[in-house]
Structures are given as C-alpha cells and as structure tokens.
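In: Task: produce atomic coordinates for the following.
(2 chains)
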2 protein chains.
Amino acid sequence: MKIAVLGTGSVGRALAAGLAGAGHEVCMGTRDVRSTIARDDADQYGVSLSQWMADNPVVELATYADCAAAGDLVINATNGQASLLALEAAGSENLAGKVLIDTANPLDFSQGFPPTLFVRDTDSLGERIQRAFPHARVVKSLNTLTAGLMLNPSSLGAPSAVFVSGDDPAAKKEVVDLLAGFGWEQILDLGGISTARGVEMLMTMWLQLMGMFGDASFNWAIVR
Amino acid sequence: MKIAVLGTGSVGRALAAGLAGAGHEVCMGTRDVRSTIARDDADQYGVSLSQWMADNPVVELATYADCAAAGDLVINATNGQASLLALEAAGSENLAGKVLIDTANPLDFSQGFPPTLFVRDTDSLGERIQRAFPHARVVKSLNTLTAGLMLNPSSLGAPSAVFVSGDDPAAKKEVVDLLAGFGWEQILDLGGISTARGVEMLMTMWLQLMGMFGDASFNWAIVR
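Out: Model (predicted):
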C-alpha cells in the first residue's frame, strides 16, 4: 500500500521506517522540503533528518500535499498544535475518501513542562480533524504510546493495548488489520470519533508515568 | 485499625465491607443518619442500605463528623460533587493529621450521561481537597476502578494496577501497605497530589471502556 506519513519528528520517522520495512511504499510529508532538510533537527535519539533519510533511502521526503496525494492511506504524525494547519496544507482533496490515522495529541507546551491539553473532555483533536475534513475517514489511534513501540508491541514484556476511535467502521477495520500485522493483540475499538476524548486525555497520566519510570518504554493494558 | 468510610453508596459499601472483613473497626459516615436510613436507596446491585446494614452488622452508621472523629484513617467515598461539603461536615479537626484516602472522581452529571469532568488537567479534586484541608494527609487512590474490585484485585484474570498520589510520603506508605494487604501487586506511586489530575482524567476513557465491554469488571495495567 502507498502510505503518506505527515510529519518528520520521532513519530513520523518511527512509522515511516516501520511501514517501509513491512513492504509499504512510504513518503514522509513536511511543510517545505528544502527548509526541513536545511533545518535538519536531531530527533530524541540524536539523529538528524538528513542522516535518517540516508539510513532509510526507500522513504521519500515530499511536501504535505504531494505526499498526501500519493498515499492510499494518510497518517497524521505532526504535533497536535500544528496538525490542522499541516492537514490544510496537505489539502482536503488529497484526504477525501482516504483513511486518515490521527496519532497526534492536543498538547500545549506554551506554559512549559508538563504540557496541558488544549482540548479536553468536551471535544478532541480527533473530532476537530474529522469536522475540518469531513470527507476524510479519520481513525484516532496510536496516540497513547511512545513512537518506538507503535509498530513494535512485542518489544514490551507482556501484551498491551492499542485503541481505535472513528465514525467509519470500514476505516477502523483497515487500521485494525494494519496494526494486527505488526503484532498488536489487544486492539480495542472504543466507538465513534468522539471517543478520541478519552485516549487523548490519557496523555496527562502518560507524562506522569514517564516521569516516574524515567523512560517511555511502557504501555497501557486493559485487564478483565 | 479504626477506619472511617465517608459515603454510603457502592464505593462506601464495598470498602466498608472489605475493610471490616479484614478485621478493621469500620464506621460508614453519612450526612444525616436518620434521613439516610429513611431514604434507603438501593445500590447498583439492588440492595437497600437497611438490608446492607443488616448483612454487615459490624459496620456502624454514623454522621460524617462522628465517624471521622472515630477513625484513625478516613476514606472519602462520596461522589465527587459532594466531596468538599461532606468533608466540611466531617470537620477539619477530625481530619487533621490523619491519612485521608480520596477515592472520588470529579464527575459532573448535570448534562446527562456520559458525565464531563468539573476539574481537569490544570487542577484536580484531590488537590482541592488537600487545599481545603491542609492538615489532612490526602492520598488519591482507588478512583480508577469499579468499587467491587477495589479490595479484590485477584478477581480479575491477570494482575492490574492501582495508583497513589500525595504529598506526604509516610501517608502514601500507609496506603500502599493497606492495599498490598488486599493483594494489589502493581501499586504505582505517581508523585505529589497534583498527579491526581492524571488519574482523575482516566475516568473519561474508563466510561468509554465500560460502554464497550458492557460491564465494569476491568482495570488498567501498565506494561513495561
């Protein structure tokens, strides 16, 4: 499948590398290719984007719009405060009819760390995206765990959970199948896109847990 | 130990019965003993309070103030919107110096179901209680799971997690020891009372999960 991963940070890179490794044709979208390469930020692992591109030659870097246009499936891996602008740049015509996996969290870092949430239990970023792009088939998923685990669930010591929220059952089915292919066993369908509220609000506690453990290699599980 | 459980609903009853069963001397506090008995609500299991009191004769029903005065440890098991008033009725002098376990959630049902949260990631009910009763040693705990599991963690199919938040390390130690005595294995100390924000915000997703499963017999676990 052709997959467009919008965003070049830790989440975008982890997803692009994992999906390409699984045989998908992957582009990574950014606002401006030339300035992104010129800025050349190191990620949390100290790897610059140009180094990362050299290490992952099968992943193409393109504008949000070119990348989204090429993708059969689109993944929003931009930071939450930039997501709506990034998706506007991608173009509603390039999202229409496609599954759009939203992995972002509505984190507001303007007051420092820990961030607060700029939208909470009466709305969600997932819903805002679905409202802004009514013809995209938005599925909120993968926002509840660190980038490195998203496509590597078996790297933890026991099975854990990932969630999907969305109004389009067939779109959720496509995402569930994609995730199952990477080894996810507990994939919980919470319901419509409004259930993005719950998974986005996990972020406050996720940040506390990261502080307590001193690293991000953990995940939620639901025990019955 | 003498334990004051404030609140006569499902949470208060489950905690009072479980603690009494473990050999503690337990009173259950209410606003007005006579009117509580007269009202005689059935709980979620269809059991009236007078029936419950007959089934649990070792638990004494008393006013918030009398019960809190008698307790070495106090548990807030009232509903979140009533908690501050209930604790005022209990009396700050009867809470001072004591461990106060806050199990309540800041749920606002005024707009129907699902409820929203009346305080969220910039404050929490746990912090409000600690601010209102600065001489109580508040420990937020047990608000993340259904009443029937709070003192029965082994009734689920696998180990799961419970959390403590509070500013007083010795108070948290007391709560951790109490919980461990009921079989809790994953007891995670999230930090100061401000981390009550995270555990209270789990409630939104907890309600979604309850809707999805059709029952409340589940719990969070953290996998590393």
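
In: Please compute how far the worst-scoring helix or strand of chain A on mean pLDDT lies from its chain's middle.
Out: For chain A, counting by mean pLDDT, DSSP states H and E, helix A:33-39 ranks last in confidence among helices and strands (a mean of 87). With Cα atoms, centre = their mean, to the nearest Å as the basis, helix A:33-39 stands 21 Å off its chain's centre.

In: Run through the residues of chain A sitting next to chain B.
Out: A:116-117, A:120-122, A:156-160, A:188-191, A:195, A:197-199, A:201-202, A:204-209, A:211-213, A:217-224 (Cβ under 8 Å from any Cβ of the partner chain). All C-beta spots, glycine's among them, are computed from the backbone N, C-alpha and C.

In: any chance you could map the helices in chain A?
Out: In chain A, the segments counted as helices under DSSP state H are A:10-21, A:33-39, A:49-55, A:64-70, A:83-90, A:92-95, A:125-132, A:169-181, A:196-213.

In: Can you say which of those is nearest to B:Leu151?
Out: Closest to B:Leu151 of those is helix A:196-213 (Cβ to Cβ; 22.6 Å).

In: tell me the angle that closest one makes with helix B:196-213.
Out: Computed with axes from the mean of the first three to the mean of the last three Cα atoms, to 10 degrees, the direction of helix A:196-213 lies at 130 degrees from that of helix B:196-213.

In: Could you pull out the buried residues of helix A:196-213?
Out: Residues of helix A:196-213 classed as buried by neighbour count (16 or more other Cβ atoms under 10 Å in any protein chain shown): A:196-209.

In: In CSV: those, plus pLDDT.
Out: Shown next, in CSV, are these (pLDDT from 0 to 100):
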residue, pLDDT
A:Ala196, 98
A:Arg197, 97
A:Gly198, 97
A:Val199, 98
A:Glu200, 98
A:Met201, 97
A:Leu202, 97
A:Met203, 97
A:Thr204, 96
A:Met205, 97
A:Trp206, 97
A:Leu207, 96
A:Gln208, 96
A:Leu209, 97
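
In: on that earlier part again, send the alpha carbons of the least confident helix or strand of chain A over as PDB?
Out: The C-alpha coordinates for helix A:33-39 follow below in PDB (Å, rounded to 0.1, in the frame of the first residue of the first chain):
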ATOM      1  CA  VAL A  33      11.200  20.000   1.900                       C
ATOM      2  CA  ARG A  34      14.100  22.400   1.400                       C
ATOM      3  CA  SER A  35      13.800  24.200   4.700                       C
ATOM      4  CA  THR A  36      13.200  20.900   6.500                       C
ATOM      5  CA  ILE A  37      16.400  19.500   5.200                       C
ATOM      6  CA  ALA A  38      18.200  22.800   5.900                       C
ATOM      7  CA  ARG A  39      16.900  22.900   9.500                       C
END
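
In: residue ranges with poor pLDDT in chain A?
Out: For chain A, no stretch has pLDDT under 70.

In: Would you point out which residue is most central in it?
Out: Compute the mean C-alpha point of chain A, and by Cα atoms, centre = their mean the closest residue is A:Thr103, 2.7 Å away.

In: residues making contact with stretch A:46-55?
Out: Under the contact criterion Cβ atoms under 8 Å, 6 or more residues apart in numbering or on different chains, stretch A:46-55 has outside partners A:8, A:13, A:36-37, A:39-43, A:59, A:61.

In: Can you turn the buried subset of these into a selection I can paste into ChimeraX?
Out: Buried residues among the contacts of stretch A:46-55 (16+ other Cβ under 10 Å), as a ChimeraX selection:
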select /A:8,13,36,43,59,61
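
In: Tell me the one of the contacts of stretch A:46-55 nearest B:Ile129?
Out: For the contacts of stretch A:46-55, the nearest to B:Ile129 is A:Asp43 (41.1 Å; Cβ to Cβ).

In: Who are the contact partners of the closest one?
Out: Taking Cβ under 8 Å, 6+ apart as the test, what A:Asp43 contacts is A:9-10, A:13, A:49, A:52.

In: cutoff 10 Å now
Out: A:Asp43 is in contact with A:8-14, A:49, A:51-52, A:147, counting by Cβ atoms under 10 Å, 6 or more residues apart in numbering or on different chains.

In: same deal with A:Gly126?
Out: Per Cβ under 10 Å, 6+ apart, neighbours of A:Gly126: A:76, A:83, A:100, A:102-106, A:119, A:138-141, A:143, A:165-166, A:192-197, A:199-200.

In: try A:Val175
Out: A:73, A:75, A:99-101, A:137, A:139-142, A:162, A:164, A:166, A:168, A:187, A:189.

In: same deal with A:Leu207?
Out: A:105, A:107, A:113-115, A:216, B:121, B:195, B:198.

In: Distance to B:Leu19 for the residues you listed - can I get that in TSV?
Out: Shown next, in TSV, are the contacts of A:Leu207 (distance: Cβ to Cβ, whole Å):
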residue	distance to B:Leu19
A:Asn105	39
A:Leu107	40
A:Phe113	39
A:Pro114	35
A:Pro115	39
A:Ala216	37
B:Asp121	32
B:Thr195	25
B:Gly198	26
